[in-house]
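>>> Structure for the following, please:
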Amino acid sequence: MKLTWLGHSGFRIETGDTVILLDPFLTGSPVFPADKRGEAIKGATHILLTHGHGDHAGDAAPISKELGIPVYCIHELSIILGADGAQTVGFGKGGTVDIGDAKVTMVNATHSASIDYKESGLVYAGQPAGFMIAAEGHTIYITGDTDIMADMAWMGELHTPDIGILSAGGHYTMDMARAGWAAKKYFDFKAVIPCHYKTFDLLEQSAQPLIDALPDVDVIEPEILKPIKI
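Here you go, the predicted model:
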């Protein structure tokens with residue numbers, strides 16, 4: 001399995017013949033090199049979205065239409081993106097879908113969720129979510145944009161994820177220290193990858209507090225377009 005950071009909360013997840021683009025925020029991203037867009041989306045088979053905010057879902061419909069691939073997300077957001085011409089598969093929290101060679105279960109996140117939709121402005125786009133992605137003997141917990149929540153206790157016990165991709169930039173989500181506390185309290189991760197940081201000045205620029213909080217965990221600081229092999 002290969003995980004490739006696309007900046008912010010975006011990842012390219014490759015397992016078997018499946019290539020999932022998770023929250024691919026490319027257009028307008030201050031950290032993603034625009035001339036590498038083709039490389040980032042090449043061979044993608046599916047898109048997976050945690051919620052409708054532009055820094056997560058802004059490129060979903062254009063990529064879906066360009067490549068002819070489906071977008072998997074919460075039901076209400078799927079309706080909005082479908083009206084914009086994207087192929088969509090809507091599902092809900094607790095639901096599990098087969099996405100190529102991976103099984104993906106939608107779980108809770110605590111955040112807001114809207115989408116800036118054409119002349120309508122901000123519109124309701126369902127609730128924010130996280131995901132448990134099971135593939136190749138691993139379970140990856142994608143927190144999505146969230147703070148610490150009590151749900152993490154049962155999610156850790158039921159799904160037993162060994163890899164965590166944690167939104168940890170602060171201001172809009174939990175910060176590095178809070179993410180580290182949650183990881184230690186609720187999970188038994190072998191590896192943790194921070195995201196939703198470095199993109200903008202108001203977000204955390206260093207993962208050091210997370211590293212310090214998890215001395216027995218492999219905290220991997222991702223580099224844009226550099227694959228991480230799991």
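>>> for this protein, which spans come out with low pLDDT?
For the chain, applying pLDDT under 70 flags no range at all.
>>> For the helix ranked longest in it, list the C-alpha coordinates in CSV.
Taking DSSP state H as the assignment, the helix of the chain that covers the most residues is helix 176-186. This file holds the C-alpha atoms of helix 176-186, laid out as CSV (Å, rounded to 0.1, in the frame of the first residue of the first chain):
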residue,chain,number,x,y,z
MET,A,176,-0.9,18.5,17.4
ALA,A,177,-0.9,18.2,21.2
ARG,A,178,-4.6,17.3,21.3
ALA,A,179,-4.2,14.8,18.5
GLY,A,180,-1.4,13.2,20.4
TRP,A,181,-3.4,13.0,23.5
ALA,A,182,-6.3,11.3,21.6
ALA,A,183,-4.0,8.9,19.8
LYS,A,184,-2.5,7.8,23.1
LYS,A,185,-5.8,7.6,25.0
TYR,A,186,-8.0,5.8,22.4
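>>> Name the next helix or strand following that helix along the chain.
Once the chain leaves helix 176-186, the next helix or strand it forms, by DSSP states H and E, is strand 191-195.
>>> Neighbouring strands - and their directions - for that following strand?
strand 163-167 (parallel), strand 218-219 (parallel) (DSSP bridges).
>>> do you know how far the nearest residue to Pro70 once chain neighbours are set aside is from Arg37?
Computed as Cβ to Cβ, 6 or more residues apart in numbering, the closest residue to Pro70 that is not its neighbour in sequence is Gln87, at 4.4 Å. Using the backbone N, CA and C atoms, a C-beta is placed for each residue, glycine as well. Using Cβ to Cβ, to the nearest Å, Gln87 is found at 20 Å from Arg37.
>>> How about Ala183?
Counting by Cβ to Cβ, the gap from Ala183 to Arg37 is 32 Å.
>>> what does Ile47 give?
14 Å.
>>> Name the residue in those two with the higher neighbour count.
Ile47 (29 against 16; other Cβ atoms under 10 Å).
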